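>>> structure for this input, please:
(one chain, ligands or ions: 1)
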Amino acid sequence: MKRTKYLFLSAILVLAVGCSPKKAGTIGADASVESRVEALLSQMTLAEKIGQMNQVSAGGDVAGYAEAVRKGQVGSILNEVDPVKLNEFQRLAVEESRLGIPILVGRDVIHGFHTVFPIPLGLAATFDPALVECGARIAALEATSQGVRWTFSPMLDIARDPRWGRIAEGSGEDTYLDSRMAVAMVRGYQGTELDSTSMAACVKHFVGYGAAEGGRDYNSTFLTERQLRNIYLPPFEAAIKAGAMTLMTSFNDNDGVPSTGNAFVLKQVLRDEWGFDGLVVTDWNSMGEMINHGFGEDRKDVAEKAVNAGVDMDMMTFGFLSHLEELVKSGAVKESTIDNAVRNILRVKILLGLFENPYVDVEAAKAVQYAPEHLAAAQKTAEESAILLKNDGILPLRGKGRILVTGPLADAPYEQLGTWAFDGQKEHSVTPLKALQERFPGQVNFVPGLMYSREKRQNFNDVVAAARAADVVLAFLGEEAILSGEAHSLADLNLMGSQSDLLAALKATGKPVVAVIMAGRPLTIERDLPNVDALLYSFHPGTMGGPALANLLTGEANPSGKTPVTFLRTVGQAPLYYNHNMTGRPYNGETLLEDIEEGAAQTSLGNTSYYLDYGAYPLFPFGFGLSYTTFAYSQPSLDKTEYGVNDKIKISFTLSNAGKYKGTEVAQVYVRDLVGSLTRPVKELKYFERVELNPGESRDLTFELPVSDLAFFGLDGEKKVEAGAFHLWVAGNSNTGEPVHFSVK
Ligand code: BGC
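Numbering: from 1, shown residues only. Alright, predicted model coming up:
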């Protein structure tokens, strides 16, 4: 594998895959599409309509499902990606079913298809929507070439608790960052114009799933309508405005109502307020799970509740197939409800061009997988997603000394792919060890220390001896891929097994130690920081993680990732997020545990909102990340001091690269609404931009922020900008900078 080739290809990448914006609005059906929908619908029996509303996991079993497909009982399949089998499925549907309606083929293409990109949390750390869009486009090119025309992505669940395993699959804790990533992914998957490479996006999980109590997957949520509207719903709305064609309901119940039976969100918000005319699918058996929730007696009952709440397609409960016909006959479900659901499904199939083009070219598909420009994009994305959290000056590595590579993630081709990467093959992964051996022939000694992330070991004599013989130690640590993702919540977020002991043993040798952490979530690494001279946090970086990390360690690339989520000092701080509401007793650094005398008198005076043992602050705030260079911000100035609601705020400042390396800074704009009809967040991210600067370069920048972006759902339930005073920061993370003041009249 030639590194130079990848560098060159990454430079031409944006041009090669083409990523221009798609127009906002609904999924884009025009009158001709609608008349095709109606023409088809008018020919369908009730049974055929219900068949369209049924999705099955048909992995491998063409013969087993052939009869159902012929009878028109399979509107969609998931979990089959073999193009030969998919062609056969389509042939059965198109040529042997009465109406010849093609099948919509879905798959969890979450962060790449064959070429695996960093996990979505890592994608968010790039703060680079254009690059993320390119990655989604590449995923679509690979998947659609094999016949997959629908991905169950992007996951837009705001996650403020890193115990929740699925934090890996989303964009973290911030509504604005999540919304930008949502739009980027939708555009990438679906393309600017719908064609045979368009893969319908499915925004999920609607809604509130990431707020599971205690971070325990599938647990209850208790989100008020205001929290939903101000924090959890906006990314979905942004994605739908960008044209997302489908949406998936979530497993959780919110305040007692399971999402799959929640007409308020599925009808009032989604259809009536947002005008969504795409397809709503349940999550896997989430209709059936409403029986476990105690929200329905049996499959018939939950089928009725789901369809009447606004669900169009049933993933794997078979409740629609088994019971809708009798529910329509009894009058419990109106046929017009069924008709609308089928319209939503047919509309997507027509727009994707499935009727004209149900088959794929099996041979051509092979050439698309792992194409060099796809690998180059995956590498560039992995470079941008890594966050430099500490650097005492050891990085970038200089000179060509002896390098000890150690740790359970150094040569773990499967683990570096991360969660929910079903189609990525570990044989294509380039590990850090491989990349470093190629980069430094004859200089790299590899002693793994631990074979996997949970391994416990008493002594590290072999690694310590190897460290003593080296000039620098590179320790690749973290989590195996299986430790995050769905159903993989954790109550302890320290590095597992003996990884912290390994770092301590390495540190004791006195050799410089650089740690690289590949994980599915922000781990609590405070105890490890003193044992490392530098720390690069890469999440799970995907297929090309190795070359990307090698480039970063050697300085051929300069880290620019920023934390998309708050890094906790200890898990007991969860949930802790930067944009919390203003409290009545803001932290002002008062009494900590060690300041309290034995037998101290009872008092609450002087105490504020924090923990006696851990204070108020996280280990690293949202938006944080270092570079090999340093950036300096001038104090921003605004074009006015008072604005009308239709104005744009012009924010001017100078950003300087004050160090020796070329680098990219993510300049972030935060705002605080000082007084509202409701308590407002202490800060909210409202804009960001990546700015690349040469050493010594200063650039005058002007960002424009529409005042309308300050709107929120207030006490009266209306979304509007409330007049009054605001603070605004432009800074390199959420916990720095001095505010400027303005007001809205
Ligand atoms: C997950 C979804 C996924 C679906 C299909 C479910 O378990 O929650 O996110 O899309 O399975 O694989």
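
>>> the residue of the chain found nearest the ligand - how many residues pack around it?
Nearest to the ligand in the chain, going by Cβ to the nearest ligand atom, is F152, at a distance of 3.4 Å. Bear in mind the C-beta positions are built from the backbone N, C-alpha and C, glycine included. Neighbours of F152 under the rule other Cβ atoms under 10 Å: 24.

>>> so it sits right up against V105, yeah?
No - applying Cβ atoms under 8 Å as the test, F152 and V105 come out as separate, 11.6 Å apart.

>>> list residues touching both of these two?
Overlap between the neighbourhoods of F152 and V105 consists of L78, taking contacts as Cβ atoms under 8 Å, 6 or more residues apart in numbering.

>>> beta-bridge partners for S656, please?
Applying DSSP bridges to S656 gives these bridge partners: A632, S698.

>>> can you check K204 too?
Taking DSSP bridges, one obtains M155 as the residues bridged to K204.

>>> list the contacts of it.
Applying Cβ under 8 Å, 6+ apart, one finds that K204 lies in contact with F152, S153, P154, M155, L156, D157, L247, M248, S250, D283.

>>> kindly recompute the last result at 7 Å.
The neighbours of K204, taking Cβ atoms under 7 Å, 6 or more residues apart in numbering as the test, are F152, M155, M248.

>>> neighbours of the second one, how many?
Neighbourhood size, M155 [other Cβ under 10 Å]: 29.

>>> I figured it was touching G170, is that so?
Yes - with contact defined as Cβ atoms under 7 Å, M155 and G170 form a contacting pair (4.8 Å).

>>> common neighbours of those two, please.
P120.

>>> got the contact list for the residue most central in space within the chain?
For the chain, the residue lying nearest the average C-alpha position, counting by Cα atoms, centre = their mean, turns out to be G170 (2.5 Å). Neighbouring residues of G170 by Cβ under 7 Å, 6+ apart: P120, L121, M155, L156, D157, A159, D178, G210.

>>> neighbour-wise, which of the residues you listed leads?
Ranked by neighbour count (other Cβ under 10 Å), the contacts of G170 have L156 at the top, with 33 neighbours.

>>> surely N445 forms part of a strand?
Yes - under the criterion used here (DSSP: H, G, I helix; E, B strand; the rest coil), N445 sits inside a strand.

>>> now do the contacts for N607.
E590, T591.

>>> surely it is in a strand?
No - with three-state DSSP as the criterion, N607 is assigned coil and is not in a strand.

>>> heads up, I number from 880, so please use that
Understood, numbering begins at 880; the last thing we discussed is N1486.

>>> phi, psi of it?
Taking degrees, to the nearest 10, you get phi -90, psi 150 for the backbone angles of N1486.

>>> returning to what we had before: can you tell me which of the contacts of G1049 end up in strands?
Mapping those onto strands (DSSP state E) picks out no residues; all lie outside.

>>> and these as CSV, adding pLDDT?
Converted to CSV, the contacts of G1049 look like this (pLDDT from 0 to 100):
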residue, pLDDT
P999, 99
L1000, 99
M1034, 98
L1035, 98
D1036, 98
A1038, 98
D1057, 98
G1089, 98
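
>>> dump those residues to TSV, plus distance to K1599.
Conversion of those to TSV gives the following (distance: Cβ to Cβ, whole Å):
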residue	distance to K1599
P999	32
L1000	33
M1034	30
L1035	24
D1036	26
A1038	28
D1057	22
G1089	27
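
>>> of the residues you listed, which is the nearest to A1256?
Using Cβ to Cβ, P999 is the member of those that lies nearest A1256, at 15.5 Å.

>>> so how far is I989 from the closest one?
7 Å (Cβ to Cβ, to the nearest Å).

>>> which neighbours do the two share?
In the contact map built from Cβ under 7 Å, 6+ apart, the residues linked to both P999 and I989 are E1048.

>>> which bits of the stretch 1280-1429 of the chain sit near the ligand?
Along the stretch 1280-1429 of the chain, the residues adjacent to the ligand under the rule Cβ under 6 Å from any ligand atom are E1365.

>>> can you show me the strands along the stretch 1280-1429 of the chain?
Using DSSP state E, counting those that start in this stretch, the strands assigned to the stretch 1280-1429 of the chain run over residues 1282-1285, 1323-1325, 1351-1357, 1392-1397, 1413-1416.

>>> distance to D940 and mean neighbour count added to the ones you listed, as TSV?
Formatted as TSV, the entries for these read as follows, by distance: least, Cβ to Cβ, whole Å; neighbours: other Cβ atoms under 10 Å:
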stretch	distance to D940	mean neighbour count
strand 1282-1285	44	25
strand 1323-1325	43	17
strand 1351-1357	36	28
strand 1392-1397	35	27
strand 1413-1416	42	25
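
>>> how many neighbouring residues does the residue nearest to I1217 when sequence neighbours are not counted have?
Counting by Cβ to Cβ, 6 or more residues apart in numbering, K928 is the residue found nearest to I1217 once chain neighbours are left out, at 5.2 Å. Per other Cβ under 10 Å, the neighbour tally for K928 reads 24.

>>> hang on, the earlier thing: got CSV for the strands of the stretch 1280-1429 of the chain, with mean pLDDT and distance to S1516 too?
Listed next are the strands of the stretch 1280-1429 of the chain as CSV, based on pLDDT from 0 to 100; distance: least, Cβ to Cβ, whole Å:
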stretch, mean pLDDT, distance to S1516
strand 1282-1285, 98, 47
strand 1323-1325, 98, 50
strand 1351-1357, 98, 43
strand 1392-1397, 98, 39
strand 1413-1416, 98, 34
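
>>> now do R1028: how many residues are near it, please.
Should you count by other Cβ under 10 Å, R1028 turns out to have 29 residues around it.

>>> got phi/psi on it?
phi -110, psi 10.

>>> pretty sure S1032 sits against G985.
No - contact between S1032 and G985 fails when scored by Cβ under 7 Å: they sit 10.3 Å apart.

>>> residues from the chain in reach of the ligand?
If contact is defined as Cβ under 6 Å from any ligand atom, the residues of the chain in contact with the ligand are D987, F1031, K1083, D1162, W1163, E1365.

>>> now pLDDT too, for these, in CSV please.
Conversion of the residues of the chain next to the ligand to CSV gives the following (pLDDT from 0 to 100):
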residue, pLDDT
D987, 98
F1031, 98
K1083, 98
D1162, 98
W1163, 98
E1365, 98
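
>>> show residues contacting the helix or strand harbouring V935.
Using DSSP states H and E, V935 falls within strand 933-936. When contacts are defined by Cβ under 7 Å, 6+ apart, strand 933-936 is touched by residues 944, 952-958, 1160, 1192-1195, 1199-1200.

>>> please repeat the previous calculation with a cut-off of 10 Å.
Strand 933-936 is touched from outside by 943-944, 947-948, 951-959, 982-983, 985, 1029, 1160-1161, 1163, 1192-1201, 1203, 1224, with contacts defined as Cβ atoms under 10 Å, 6 or more residues apart in numbering.

>>> partners of it in the sheet?
Checking strand 933-936 against DSSP bridges gives partners strand 955-957 (parallel), strand 1193-1194 (parallel).

>>> take those strands and lay them out in CSV including mean pLDDT, mean neighbour count and distance to P1008.
Putting the strands paired with strand 933-936 into CSV (pLDDT from 0 to 100; neighbours: other Cβ atoms under 10 Å; distance: least, Cβ to Cβ, whole Å) gives the following:
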stretch, mean pLDDT, mean neighbour count, distance to P1008
strand 955-957, 98, 24, 28
strand 1193-1194, 98, 28, 29
